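> Next come a sequence and a model predicted from it.
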Amino acid sequence: MSTNPAAPETGPVPALPRPTSTDRLPGVSPAAGELARVAADRATDLLAPPAPVRLGDVVPAPERVLPDPSGDFTIPADAAIRIDAAGRDVAEQLAGWLRPATGFPLPVTDPTDGAEGRLTLTVSATGGDVGGGDVGGGDEAALGDEGYRLDVTGDGVRITAATPAGLFHGAQTLRQLLPAAIESAAPVAERWVLPGGTIVDRPRFAYRGAMLDVVRHFFGVDDVLRVVDHLARYKLNHLHLHLTDDQGWRIAVDSRPRLTEAGGGTAVGGAPGGWYTRDDYRRIVAYAARRHVTVVPEIDLPGHTNAALVAYPELAPGKTAPPPYTGTDVGFSYLDPHDERTYAFVADVVGEVAALTPGPWLHLGGDEAFKVPAGDYRAFVERAQALVAATGKTVVGWHQIAPAGHVDGRVVQWWGTNGDDPETADAVRRGARLVLSPGNHAYLDMKYAPDTPIGHDWAGLVDVRRAYEWDPGAHVHGVPAEAVLGVEAPLWTESVTTRAEIEFMMFPRLPAVAELGWSPRSTHDWAGFRQRLAGHGPRWSAAGIAFHAAPEIPWPAGRGEAPADAAGRARTAA
């Protein structure tokens, strides 16, 4: 467990005043003034207590950690962030995270401008060997597309990566190594100390994500952007948006305007509906891309289509428009698999959504089409897959699509509760890759405990330990680890109505799934994870993030809260 830098009994430690090169006594030379500044820095460091956060307290757990207690670094008020051209955007984001709480200007500077920057961000030219002999007794493999190396010494901080994505993940680690008060939106009197040592880190799986259902209850653009920030904080790199279902159609399609005009205004229980314009969707995609998160849009077919049938009744088997639906039952609606107009509709929709989506994935849904005969269902999925492939995107679908014929690159998203699934294993043998979202481990809409006031329990109760204690690489029988593309934590929103409720259901389980996706299997340890996670409660509080104070986590003193009380706050906070 990380030591809390601002425990109630002691309070934060204020930074000692430091002379700078401009604070000189009359008659003292510039060189003497600079020596005085350096002497004050060293004296402060010698007298200061150790860094309040340990180097290994990061979530997700890094691949390799080599602490150096003698190398703690205190960020001074005159620090700058030095970068090369490839690192400028990440450096600007890092500065934006650190400026509010520190009150420091933290200019972002080029190495050639002569500034004395004390934080250095560098993207390496090749991303090759990272010099890991001092971190584990031998040469390290390449950092890869998302790996990074972070070095903290008494003289400064350096993050090295082969790509901006890796640099971004390293910056998120740096953020976690500072005291929890760094998440404050207002200046805090605090010593901004980073623990000394080296971290070399890279992800276990390429795909690490979460899903937000914006259909059962609609969430505006700003809510989605906040979710993107939550994902990026824990090195998750995909946001799956469930955009269409029985209760509403949430994305504008120019060739089919009635999808939103007639099908977008409803939600569960009569709540207000809504939809994203093309510009709204572009804004979400661009915001996510800057944070190295890829948006995965889902157009759920052939079932879960009542809203589409309200708008275009000719697509219904009976050619009659159904009434708008605001309930929560599933499996009753479907597109007519025998009508060629159905496939023209699918081509129009996936073509427009694909054109708006720079990422490689397009999710076809495919689940719970209970009323479609098996042969018709398989034929529909195979034609729909071909239409997605024609747009240049890679097909993703829930694991019910497994029996359909394979297309290159196909990804099957598995949401079962029993790892014995021969059809999914067969799809993998035919070339499919797997994203793991087991309902009884990764579904964020499951209740934590019987008294959790929102959520479901059809897959069981999912507390933090259950969310953490499973291995994606060995979960589905007959599927080798190398066929697993990654993990995803879905959040369905039948009972989730506000931004704070989203957060209450995500935290603290989202970081658990994130660690399974990022960290090496050898680092997975519940006892250690719960201690590291406990230190994040004060961070979430400082950032205004609602969360469930799960009783199995040893939160710092004073953090205990009954689940009903926390959910009540979630319902009233916005």
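Arrived safely, thanks for sending.

> Go ahead and flag the most central residue of this protein.
In the chain, the residue lying closest to the centroid (Cα atoms, centre = their mean) is residue 231, at 1.7 Å.

> Quick check: that one touching residue 292?
No. The pair residue 231 / residue 292 is not scored as a contact, 9.8 Å apart, by Cβ atoms under 8 Å. Quick note: C-beta positions are derived from backbone N, CA and C, even for glycine.

> before we move on, back to that, need the mean per-residue confidence for the helix or strand containing the residue nearest to the centre of the chain.
Using DSSP states H and E, residue 231 maps to helix 221-233. Across helix 221-233, the average pLDDT comes to 98.

> same thing with stretch 536-556?
Stretch 536-556 comes out at a mean pLDDT of 98.

> Give the buried residues for it.
536-543, 545-550, 553, 555-556 (16 or more other Cβ atoms under 10 Å).

> what kind of secondary structure is the closest residue to residue 188 other than its chain neighbours in?
In space, and not counting its chain neighbours, residue 188 is closest to residue 181: 4.4 Å by Cβ to Cβ, 6 or more residues apart in numbering. Of the three states, residue 181 takes helix under DSSP: H, G, I helix; E, B strand; the rest coil.

> Quick check: the gap between residue 181 and residue 192.
Noted for residue 181: a distance of 9 Å to residue 192, by Cβ to Cβ, to the nearest Å.

> Am I right that residue 396 falls within a helix?
No. Residue 396: not assigned to a helix; according to three-state DSSP it is strand.

> what do residue 231 and residue 292 both touch?
Common neighbours of residue 231 and residue 292, counting by Cβ atoms under 8 Å, 6 or more residues apart in numbering, are residue 237.

> Let me see the mean pLDDT of stretch 348-363.
Here the average pLDDT along stretch 348-363 is 98.

> what's next to it, contact-wise?
238, 240, 243, 251, 253-256, 259, 278, 281-282, 285, 289, 294-299, 364, 384, 387-388, 391-397, 411, 413.

> export the helix or strand harbouring residue 382 as CSV, just CAs?
Here residue 382 sits within helix 374-390, counting by DSSP H and E. The C-alpha trace of helix 374-390 is given here as CSV (Å, rounded to 0.1, in the frame of the first residue of the first chain):
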residue,chain,number,x,y,z
ALA,A,374,-29.9,-20.6,-37.0
GLY,A,375,-29.4,-21.0,-40.8
ASP,A,376,-30.9,-17.6,-41.6
TYR,A,377,-28.8,-16.0,-38.8
ARG,A,378,-25.6,-17.5,-40.1
ALA,A,379,-26.3,-16.4,-43.6
PHE,A,380,-27.1,-12.9,-42.4
VAL,A,381,-23.9,-12.6,-40.4
GLU,A,382,-21.8,-13.9,-43.3
ARG,A,383,-23.2,-11.2,-45.7
ALA,A,384,-22.9,-8.5,-43.0
GLN,A,385,-19.3,-9.5,-42.4
ALA,A,386,-18.5,-9.1,-46.1
LEU,A,387,-20.1,-5.7,-46.1
VAL,A,388,-17.9,-4.6,-43.2
ALA,A,389,-14.8,-6.0,-44.8
ALA,A,390,-15.7,-4.1,-48.0
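
> so that helix versus strand 394-398, what angle?
150 degrees (axes from the mean of the first three to the mean of the last three Cα atoms, to 10 degrees).

> Name the residues that touch helix 374-390?
Around helix 374-390, the neighbours that count as contacts under Cβ under 8 Å, 6+ apart are 301-302, 335, 337-338, 342-343, 346-347, 350-351, 354, 362, 364, 366, 369, 372, 394-395, 397, 401, 403-405, 407-408, 410.

> tell me which helix or strand of this structure sits lowest on mean pLDDT?
Across the helices and strands of the chain, mean confidence by mean pLDDT, DSSP states H and E is lowest for helix 133-136: a mean of 43.

> what's the next secondary structure element after it?
According to DSSP H and E, the helix or strand after helix 133-136 is strand 148-153.

> Could you identify the helix or strand that succeeds that following strand?
According to DSSP H and E, the helix or strand after strand 148-153 is strand 156-161.

> angle of that following strand against strand 148-153?
Per the same axes, to 10 degrees, the angle that strand 156-161 makes with strand 148-153 is 170 degrees.

> Give the other helices and strands that strand 156-161 contacts.
If contacts are counted by 3 or more Cβ pairs under 8 Å, 6 or more residues apart in numbering; DSSP states H and E, strand 156-161 sits against strand 119-123, strand 148-153, helix 164-177.

> For stretch 163-182, what is the distance to the chain centroid?
14 Å (Cα atoms, centre = their mean, to the nearest Å).

> Quick one: mean pLDDT over it.
97.

> same thing with stretch 316-325?
For stretch 316-325, the per-residue pLDDT averages 98.

> got the CA positions of that stretch in CSV?
The C-alpha atoms that make up stretch 316-325 are tabulated as CSV, following Å, rounded to 0.1, in the frame of the first residue of the first chain:
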residue,chain,number,x,y,z
ALA,A,316,-39.3,-5.7,-40.4
PRO,A,317,-40.4,-9.3,-41.1
GLY,A,318,-44.0,-8.2,-41.0
LYS,A,319,-43.3,-4.9,-42.8
THR,A,320,-45.2,-3.1,-40.0
ALA,A,321,-43.6,-0.5,-37.7
PRO,A,322,-43.4,-1.6,-34.1
PRO,A,323,-44.1,0.8,-31.3
PRO,A,324,-41.1,2.6,-29.8
TYR,A,325,-39.6,0.4,-27.0
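
> Find the nearest non-adjacent residue to residue 450, please.
That would be residue 461: by Cβ to Cβ, 6+ apart, it lies 6.9 Å from residue 450.

> hang on, the earlier thing: which among the contacts of helix 374-390 count as buried?
Buried members of those, counted by 16+ other Cβ under 10 Å: 301-302, 335, 337, 342-343, 346-347, 350-351, 354, 362, 364, 366, 369, 372, 394-395, 397, 401, 404, 407, 410.

> count of residues packed around the residue nearest to residue 188?
Residues within reach of residue 181, counting by other Cβ atoms under 10 Å, total 21.

> mind listing the strands in the stretch 251-400 of the chain by residue range?
Along the stretch 251-400 of the chain, counting by DSSP state E, counting those that start in this stretch, strands occupy 294-301, 361-365, 394-398.

> now the ones you listed in JSON lines, with distance to residue 199?
Output for these, formatted as JSON lines (distance: least, Cβ to Cβ, whole Å):
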{"stretch": "strand 294-301", "distance to residue 199": "24"}
{"stretch": "strand 361-365", "distance to residue 199": "30"}
{"stretch": "strand 394-398", "distance to residue 199": "32"}
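
> All set now, cheers.
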